[in-house]
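Trainee: Whatever this is, show me its structure:
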Amino acid sequence: MAMILVHRLDGAPFYLNAELVETVEATPDTVIVLVNGHKYIVRESAEEVISRILNYRRFLLAGTPLNLTETMLQER
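Mentor: Numbers count the residues shown, from 1 in each chain. Sure, this is the predicted structure:
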């Protein structure tokens, strides 16, 4: 699963494909730009988005099972 949980500015949660993230900017809102050019403004800080992407990639490299539902709930 290549998805990370983030929230729109109105608080609505959605899952974003971490493999498609090209840039994360703090402008001061956090803007996530995907490789296809789509932009998303989210409530999380740029640091938090980057942390979630890195945690996802660590999970892939570790090759160990992870309860993704529990992890996603902890990110809220």
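Trainee: What residues sit buried inside stretch 43-52?
Mentor: If you call a residue buried by 16 or more other Cβ atoms under 10 Å, then stretch 43-52 has these buried ones: 44, 46, 48-49, 52. The way it works is simple: take the backbone N, C-alpha and C, and place the C-beta from them, glycine included.
Trainee: before we move on, what about stretch 29-36?
Mentor: 30-32.
Trainee: Give me the contacts around it.
Mentor: The contact list for stretch 29-36, computed with Cβ atoms under 8 Å, 6 or more residues apart in numbering, reads 6, 9, 16-17, 20-25, 39-46, 49.
Trainee: how about the CA coordinates for the lengthiest helix in the chain, as CSV?
Mentor: Taking DSSP state H as the criterion, the chain has its longest helix at helix 46-62. What follows is helix 46-62, C-alpha atoms only, in CSV (Å, rounded to 0.1, in the frame of the first residue of the first chain):
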residue,chain,number,x,y,z
ALA,A,46,5.6,19.8,5.5
GLU,A,47,7.7,18.0,8.1
GLU,A,48,4.8,15.7,9.0
VAL,A,49,4.1,14.8,5.4
ILE,A,50,7.8,14.1,4.8
SER,A,51,7.9,12.0,8.0
ARG,A,52,4.9,9.9,6.8
ILE,A,53,6.5,9.4,3.4
LEU,A,54,9.8,8.3,5.0
ASN,A,55,8.0,5.9,7.4
TYR,A,56,6.2,4.4,4.4
ARG,A,57,9.6,3.9,2.6
ARG,A,58,11.2,2.5,5.8
PHE,A,59,8.4,0.0,5.9
LEU,A,60,9.1,-1.1,2.3
LEU,A,61,12.8,-1.4,3.0
ALA,A,62,12.4,-3.3,6.2
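Trainee: Good, we can wrap up now.
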